[in-house]
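Participant: I need the structure of the sequence given here:
(chains A and B)
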Amino acid sequence: MTRAAPAGPRRWVPWLLAGAAYAGFVVSLYLTFVHYRGYVSPCYVVHGCEEVQTSEYSVILGVPLALLGTVFFALMFYLSIGLLTSSRLLVLRIYKVLAFVGALAIIPLFLLQAVVLKAFCTYCVATEALMLVLWVVSFLLAAPGQSGPGREKAEAGGG
Amino acid sequence: MPGKHLLTAKGVPWVGASLLLLLAVGALYLFTGAAASEPSRTPPPGADDISFGPADAPLSVIEYSDFQCPFCAQYASWLGTLREKYGDQVQFIYRFYPLAKHQYAAIAAKAAYAASLQGKFWEMHDLLFENQKEWSESADPRPFFNAYAESLGLDLDKFHADADAQSTADFIAKQAAAGKQGGVSHTPWFVVGDSVVLPRSLEELDKLIQEAL
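Facilitator: Numbers count the residues shown, from 1 in each chain, chains lettered A, B, ... in the order given. From the prediction side, this is the model:
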């Protein structure tokens, strides 16, 4: 019996990023719908969501954080597709910058819940975890010596 | 760029990705728009329930609620409207379900139960919810409860004695335990007829009652 040859090194990385971005998009979109439909959510026995979702920090300059999250994850999802299909170094760079911005955003969001509100919303924590995943995994996109998607073509392009 | 290749093989991933996003939008639009409903496992209306409306009404609306829950306060104003509208056809029942995470939920429940023993439950219920912010954010809510009791013309000595009585704590604990056993996981928890429902607007709750009548 012969073993199938493995796929190219780290070809799974953009797929993982696309999956994580899609999951983040779904969760953020759910919170956005809940926000704009003006629904009243219940108080769950477990401490958390209602305190965060109804706080003054859930909206910035009239824009719900959930909507910003939805746009962010949709953008990251499309960029992941770009990483899978495009050879442009620009896509990789934009991805990394946005992933870093997302990771930076986690800090105030998490601190608000932990220190100010003293309550954690499961949905919010899930999106923060996914933002962290996007940033951490994005390092694998340009690991030295790897020919993962984007990398080899970027190098060929003079990047 | 994606737009350039939409109708070619290169465009397939972009079209597929866009369809996936649209699928999520459509599914969540439908999911967040539907009111959930399931058979109730909590006790049916009983003689010791605190209620509004005729005991032999064709329909009962049971609410498990916590006076310190901000969402219960929102629903309370809707229920006030519906009590006026359906007061002669529907029996509205309030059941105590003070959540442990709310510091003053239990003492507020005791105040409401003590008021019920003087026939002023719904008046105290409304005052507690209308003024939830002021007492729930105070260092000591009791002066507020005393003021509400006084404004309702309650016998304050009896009010205090009833609020502190073991029988009051037992009544509240019994209702909450029965609710927990019946699957209550959040407040407010509504049972319209035999079904657990989670209406998300006054109109939705009104519609559910109309359909059940």
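Participant: Looks to me like residue B:92 is in a strand.
Facilitator: Yes. Membership of residue B:92 in a strand is supported by DSSP: H, G, I helix; E, B strand; the rest coil.
Participant: Model confidence score at the closest residue to it other than its chain neighbours, please.
Facilitator: If you skip the residues right next to it in sequence, residue B:92 has residue B:52 as its closest partner in space, 4.4 Å away by Cβ to Cβ, 6 or more residues apart in numbering or on different chains. All C-beta spots, glycine's among them, are computed from the backbone N, C-alpha and C. pLDDT, the model's per-residue confidence, is 95 for residue B:52.
Participant: neighbours around residue B:52, how many?
Facilitator: By the measure other Cβ atoms under 10 Å in any protein chain shown, the count of residues near residue B:52 is 17.
Participant: Residue B:48 now?
Facilitator: 9.
Participant: got a list of what it touches?
Facilitator: Neighbouring residues of residue B:48 by Cβ atoms under 8 Å, 6 or more residues apart in numbering or on different chains: residue B:171.
Participant: Quick check: the gap between it and chain A.
Facilitator: To chain A, residue B:48 is 24 Å away according to Cβ to the nearest Cβ, to the nearest Å.
Participant: a helix runs through that residue, doesn't it?
Facilitator: No. Checked against three-state DSSP, residue B:48 lies outside a helix; its state is coil.
Participant: Tell me the spacing between it and residue B:27.
Facilitator: The spacing between residue B:48 and residue B:27, counted by Cβ to Cβ, to the nearest Å, is 44 Å.
Participant: Just give the number of residues close to residue 89.
Facilitator: Using chain A here. Using other Cβ under 10 Å, residue A:89 has 18 neighbouring residues.
Participant: Wait, chain B was what I had in mind.
Facilitator: Under the neighbour criterion other Cβ under 10 Å, residue B:89 is assigned a count of 13.
Participant: close enough to count as contact, it and residue B:59?
Facilitator: Yes. With contact defined as Cβ atoms under 8 Å, residue B:89 counts as touching residue B:59 (6.8 Å).
Participant: Residues in contact with both of those two, list them for me.
Facilitator: Here residue B:89 and residue B:59 share the contacting residues residue B:213, scored by Cβ under 8 Å, 6+ apart.
Participant: So what's the residue count around residue B:184?
Facilitator: 21.
Participant: On the three-state scheme, the residue lying closest to residue B:68 once chain neighbours are set aside is what?
Facilitator: Ranked by Cβ to Cβ, 6+ apart and with sequence neighbours excluded, the top spatial neighbour of residue B:68 is residue B:102, at 3.7 Å. Under three-state DSSP, residue B:102 falls in the coil class.
Participant: Spit out the contact partners of residue B:102.
Facilitator: With contact set as Cβ under 8 Å, 6+ apart, residue B:102 has these partners: A:43, B:66, B:68-69, B:136.
Participant: what pLDDT does it get?
Facilitator: The score at residue B:102 is 84. That number is its pLDDT.
Participant: Ranking helices and strands of chain B by mean pLDDT, which lands last?
Facilitator: Of all helical and strand segments in chain B, the minimum by mean pLDDT, DSSP states H and E falls on strand B:37-39, at a mean of 77.
Participant: Need phi/psi at residue B:186.
Facilitator: For residue B:186, the backbone dihedrals (degrees, to the nearest 10) come out as phi -160, psi 170.
Participant: next one: residue B:139
Facilitator: The phi/psi pair for residue B:139 (degrees, to the nearest 10) is phi -80, psi -30.
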